[in-house]
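Visitor: sequence-free structure coming up:
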């Protein structure tokens, strides 16, 4: 997945907005101008400029002009102006020789002005729109390469659009996860996952939710990543409950983990606990390399997702104490196998401590599960806004 896009194109209302970048790196854009600032006509000048992604004709105007239209026929651009708009006829003859337009003519046809441009280069399409920062008309000239670039941009835009969230309910089936007084982690994880997914699907238009499991079944860790990658997910959320060896415990609250090798005893314990799922699998030895810290370091060095994982973790950590009765214990890191397999930004959530009686009652209640689902939804919603803004920029 690509992030922090550097493309200099921007598509607005199917129009190409030309950037201010020079046509060739290190060189200034060529600009040809013909104008009569003393003219009393509405249109008093023409400026032609080669931009980073095409040729732009600026029609300089003293007032906003609505309803202008352009058409290319037989290598000629015809700019039709609405009734009542006046044009200084001298600007056409003042246009210097250039590489784009052979000549320009101002015509009055049945009381309506039009400007005809005979083109030197082969252009296949044009658009006319108003410059929001001035009163000018902007006329973009597309050659075939420009149109191909636009189509590619649209394809990339759809490809990297934030539209798939993968929710992973930890444990399941023969793997109950942590348990306390009959409360099983796998059940809480699934309930919160389904509720959060339903909120996302209902309230975030165009966003699809993919679940690694929707029932009480066992899913191997590697398959969870495969499900996420096959669905082209944009965000991976693995939901779990925390626990301690000491029962009961005073430890309480929510934690969110990023994929990094953790150095603290707590991070190592979390990794050992969550990675122990492999003992339920038919071939746990295949994860041996994944459990090697050097491998994780290499994986992280090659990752393009950490910045976005951190952002989502931050949003989630902020949402949790607002939406639930559990405090946030912050953003932490550990070497978690389930996150290695998903090639996208992702986090692992420890919703609360099952070995804390108060946490356990809340986690097992409908109210608690609804609260946690709302916290996840709020974080996803804010993350989508953040992601979309970066994409647009």
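Guide: Thanks, I have it. Values in this document were obtained by computation on a predicted structure and should not be read as measured data.
Visitor: low-confidence ranges in the protein?
Guide: Within the chain, the ranges that satisfy pLDDT under 70 run 1-30, 51-54, 132, 146-147, 149-159, 260-304, 334-339, 391-393.
Visitor: mind checking the SS state of residue 321?
Guide: Following DSSP: H, G, I helix; E, B strand; the rest coil, the label given to residue 321 is helix.
Visitor: can you offset everything so residue one is 8?
Guide: Got it, first residue is 8 now, which makes that one residue 328.
Visitor: does it really touch residue 334, like I thought?
Guide: Yes: using C-beta atoms under 8 Å, residue 328 is in contact with residue 334, at 5.5 Å. For every residue, glycine as well, the C-beta is placed using N, CA and C.
Visitor: what's stretch 103-112 in contact with?
Guide: 37, 39-41, 53, 55, 57, 62, 64, 98-99, 102, 122-128, 148 (C-beta atoms under 8 Å, 6 or more residues apart in numbering).
Visitor: Generate a ChimeraX selection restricted to the buried subset of those residues.
Guide: The following ChimeraX line selects those of those that are buried, judged by 16 or more other C-beta atoms under 10 Å:
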select :37,39,41,53,55,57,62,64,98,99,102,122,124,126,148
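Visitor: quick one on the thing from earlier: between residue 328 and residue 334, which contacts overlap?
Guide: Residues touching both residue 328 and residue 334 by C-beta under 8 Å, 6+ apart: residue 261.
Visitor: what's the closest non-adjacent residue to residue 249?
Guide: residue 357 (4.0 Å; C-beta to C-beta, 6 or more residues apart in numbering).
Visitor: what about the one you found, which helix or strand?
Guide: Taking DSSP states H and E as the criterion, residue 357 maps to strand 353-360.
Visitor: And for residue 84?
Guide: Assigned by DSSP H and E, residue 84 belongs to strand 83-87.
Visitor: Now the element after that strand, going C-ward?
Guide: Toward the C-terminus, strand 83-87 is succeeded by helix 97-100 as the next helix or strand (DSSP H and E).
Visitor: Are we agreed that residue 365 is in a strand?
Guide: No: inclusion of residue 365 in a strand is not indicated when three-state DSSP is applied; the result is helix.
Visitor: how much space between the closest residue to it other than its chain neighbours and residue 146?
Guide: Counting by C-beta to C-beta, 6+ apart, residue 365 lies nearest to residue 259, which is 6.8 Å off, once chain neighbours are set aside. According to C-beta to C-beta, to the nearest Å, residue 259 stands 64 Å off from residue 146.
Visitor: Could you do residue 135 as well?
Guide: Separation of residue 135 from residue 146 (C-beta to C-beta): 5 Å.
Visitor: How about residue 380?
Guide: As defined by C-beta to C-beta, residue 380 lies at a distance of 51 Å from residue 146.
Visitor: And residue 259 and residue 146? Which one has more around it.
Guide: residue 146 (22 against 17; other C-beta atoms under 10 Å).
Visitor: contact partners of the helix or strand hosting the more buried one?
Guide: Per DSSP H and E, residue 146 falls inside strand 144-149. The contact list for strand 144-149 (C-beta under 8 Å, 6+ apart) reads 22-23, 25, 61-66, 68, 72, 75, 77, 84, 86, 107, 126, 130-138, 157.
Visitor: same question, stretch 328-339
Guide: Residues contacting stretch 328-339 (C-beta under 8 Å, 6+ apart): 259-265, 269, 273-274, 277, 317, 320-321, 324-325, 327, 358-359, 366, 369, 375, 378-379, 381-382, 385.
Visitor: before we move on, the earlier item: can you pick out the ones from the contacts of stretch 103-112 that are in strands?
Guide: Among these, DSSP state E puts 39-41, 53, 55, 57, 62, 64, 122-126, 148 in strands.
Visitor: how is this protein carved up into domains?
Guide: The chain breaks down by automatic domain parsing into domains covering 19-156, 165-391.
Visitor: all helices for the stretch 108-257 of the chain, in order.
Guide: 151-166, 192-210, 228-237 (DSSP state H, counting those that start in this stretch).
Visitor: so which of the ones you listed gets nearest residue 393?
Guide: Proximity to residue 393 (C-beta to C-beta) singles out helix 192-210 among those, at 15.5 Å.
Visitor: That closest one packs against which elements?
Guide: strand 171-176, strand 215-218, strand 242-249, strand 353-360, helix 373-399 (3 or more C-beta pairs under 8 Å, 6 or more residues apart in numbering; DSSP states H and E).
Visitor: and the angle for that helix with strand 353-360?
Guide: Between the axes of helix 192-210 and strand 353-360, defined by axes from the mean of the first three to the mean of the last three C-alpha atoms, to 10 degrees, the angle is 120 degrees.
Visitor: List of residues touching helix 192-210?
Guide: Identification of contacts with helix 192-210 by C-beta under 8 Å, 6+ apart yields 172, 174-180, 182-186, 214-216, 218, 220-223, 244, 246-248, 250, 358, 361, 370-371, 376-377, 379-381, 383-384, 387-388.
Visitor: Any of those buried? List them.
Guide: By neighbour count, with 16+ other C-beta under 10 Å, the contacts of helix 192-210 hold 172, 174-179, 182, 184-186, 214-216, 218, 220, 244, 246-248, 250, 358, 361, 370-371, 376-377, 379-381, 383-384, 387-388 as buried.
Visitor: Any chance of the helices of the stretch 108-257 of the chain in CSV with mean neighbour count and distance to residue 113 as columns?
Guide: Formatted as CSV, the helices of the stretch 108-257 of the chain follow (neighbours: other C-beta atoms under 10 Å; distance: least, C-beta to C-beta, whole Å):
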stretch, mean neighbour count, distance to residue 113
helix 151-166, 13, 27
helix 192-210, 21, 54
helix 228-237, 20, 59
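Visitor: I'd like those laid out as JSON lines, including distance to residue 312.
Guide: Shown next, in JSON lines, are the helices of the stretch 108-257 of the chain (distance: least, C-beta to C-beta, whole Å):
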{"stretch": "helix 151-166", "distance to residue 312": "16"}
{"stretch": "helix 192-210", "distance to residue 312": "20"}
{"stretch": "helix 228-237", "distance to residue 312": "12"}
